[in-house]
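# here is my input; please provide its structure:
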Amino acid sequence: MGAAMLMVVLFHVGGMRHDTLAYCLSRCGNVGVDVFLFLSGIGLWFSWSKLSQGRKLKDGERAATAPMPGRSHPASPILSHPLTSQLLTYFRRRYVRVYPAWLAIACLYYLPRFFDGRLSAADTALSIAVNWGFWEHDELTFWFIPAIMALYTVAPAYMELIRRHPDCRAMPVAAMVLCVLVQYWPPLHSAVGHLEIFFSRIPIFLIGINTGQAVMERKPISRAGWWMLLALFAMSALACVNFEDGLRGRFPLFLERMVYIPLTVSMSLLLARAMERMPRRAGAPLAFIGTISLEMYLIHAQFVLKPVQQWHLGYWPTALAVTAASAALAWLLHKAV
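So this is what the prediction gives:
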């Protein structure tokens with residue numbers, strides 16, 4: 001998560017062509033969002049599995065205390081059903097993690113725009129509540145928040161589906177086809193084509209959920225598998241750099257985001273392998289940034305990067321200053337929330 005957050009910061013800073021490394025990082029660094037979604041999917045599978053275990057225990061208790069045949073017994077309320085309880089616990093944990101920090105930053109960003117007349121009262125309320133501008137006209141200021149909350153909302157249905165019907169784990173392939181339809185099928189494109197940045201991220205989120213079970217079961221990757229991951233990483237990275245360096249503007253964006261899928265999976269697993277061998281102290285800064293990644297995402301672009309850019313420090317000094325200042329402010333917000 002910490003590495004993914006740094007990728008996003010480097011992407012937003014924006015590099016110049018004469019600095020090849022900075023340029024590639026600034027153009028392809030948004031793959032950090034895909035890493036976030038991949039890892040979030042893995043984490044959700046862990047969370048849902050633990051809640052499912054609790055539900056099975058409750059089902060067992062209900063069966064043990066069921067009334068004898070022929071004896072009257074009042075129907076249990078819906079809210080006492082184990083699946084309902086599991087869903088309520090799941091949503092409470094997800095929303096409590098995201099919404100307090102989001103509401104604090106949303107108020108700081110949107111209320112001044114209401115008071116100076118740029119936003120109506122209705123637009124301000126909807127923007128703060130659910131960032132409606134993203135769904136309505138693709139406002140990208142904080143687009144990741146409404147996107148991740150939408151994915152969190154549908155995730156339980158998908159996790160229950162693949163738990164009961166494992167063959168449905170091929171759903172990410174259907175999500176990739178959906179991306180093509182959103183781009184090229186006129187009825188769908190006219191309705192939701194402006195949300196390409198959301199639809200093209202659905203497959204990697206579902207792949208993350210699929211991967212969660214393998215991670216939970218600690219399934220090893222063979223030597224041949226590691227070589228395949230290295231080949232996937234090299235091929236997809238080469239494709240993305242070529243897209244950004246010479247073909248920008250000549251292809252639909254969803255095409256590169258499809259290449260981000262193998263890039264994300266291979267890079268995430270290779271990074272995990274490398275970090276596994278790092279001394280704990282060496283990984284502490286990344287772990288710290290990973291802990292405050294949500295708050296850092298909310299703060300860095302609008303509240304830190306814009307003022308720092310006015311100093312014209314150059315790519316790497318700007319990136320360092322933004323990272324340090326954003327991390328400090330994000331930690332304060334994290335603690336306050």
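
# where does pLDDT dip in the protein?
15-25, 54-81 (pLDDT under 70).

# so the residue nearest to residue 133 when sequence neighbours are not counted, which of the three states?
Distance criterion Cβ to Cβ, 6 or more residues apart in numbering; nearest residue to residue 133, sequence neighbours excluded, is residue 139 at 3.4 Å. C-betas here are computed from N, CA, C, even on glycine. With DSSP: H, G, I helix; E, B strand; the rest coil as the basis, the three-state label of residue 139 is coil.

# count of neighbours near residue 139?
14 (other Cβ atoms under 10 Å).

# likewise the one 5 residues further on?
By the measure other Cβ under 10 Å, the count of residues near residue 144 is 20.

# thought the residue nearest to residue 133 was touching residue 131?
Yes. Using Cβ atoms under 8 Å, residue 139 makes contact with residue 131 at a distance of 7.3 Å.

# quick one, phi psi at the most centrally placed residue in the chain?
Centroid-nearest residue in the chain: residue 37, 3.2 Å away (criterion: Cα atoms, centre = their mean). Residue 37 has phi and psi values of phi -70, psi -40 when expressed as degrees, to the nearest 10.

# residue 185 now?
Per degrees, to the nearest 10, the backbone of residue 185 is at phi -90, psi 110.

# likewise residue 117?
Torsion angles, degrees, to the nearest 10, at residue 117: phi 90, psi 0.

# any idea how far it is from residue 123?
Applying Cβ to Cβ, to the nearest Å, the value for residue 117 to residue 123 is 11 Å.

# more crowded one of these two?
residue 123 (16 against 7).

# surely that one meets residue 133?
Yes. At 7.2 Å, residue 123 counts as touching residue 133 under the criterion of Cβ under 8 Å.

# once you drop chain neighbours, what's closest to residue 151?
Per Cβ to Cβ, 6+ apart, closest to residue 151 is residue 205, 5.2 Å.

# list the contacts of that neighbour.
Residues counted as contacts of residue 205 (Cβ atoms under 8 Å, 6 or more residues apart in numbering) are 37, 38, 40, 41, 151, 155.

# my guess is the fourth one contacts residue 213. True?
No. Using Cβ under 8 Å as the test, residue 41 is too far from residue 213 to be in contact (10.9 Å).

# the two: who's more crowded?
A count of neighbours by other Cβ under 10 Å puts residue 41 above the other of residue 41 and residue 213, at 23 against 18.

# look up how far residue 278 lies from the more buried one.
24 Å.

# same question, residue 201
From residue 201 over to residue 278 (counting by Cβ to Cβ), the distance is 28 Å.

# which one's more surrounded, the two?
residue 201 (26 against 11).

# how about that one: what's its closest non-neighbour residue?
residue 37 (5.6 Å).

# could you list every residue that touches the one you found?
Residue 37 neighbours (Cβ under 8 Å, 6+ apart): 148, 151, 201, 204, 205, 208.

# take those residues and keep only those in strands.
Per DSSP state E, strands hold no members of the contacts of residue 37.

# between those residues, which is closest to residue 178?
residue 201 (11.6 Å; Cβ to Cβ).

# number of nearby residues for residue 232?
Neighbours around residue 232, by other Cβ under 10 Å: 18.

# helices and strands around whichever helix or strand it is part of, which ones?
For residue 232, the host element (DSSP states H and E) is helix 223-246. Judged by 3 or more Cβ pairs under 8 Å, 6 or more residues apart in numbering; DSSP states H and E, helix 223-246 is in contact with helix 20-28, helix 253-276.

# for the longest one, buried residues please.
Burial within helix 253-276, assessed by neighbour count using 16 or more other Cβ atoms under 10 Å, is assigned to 254-269.
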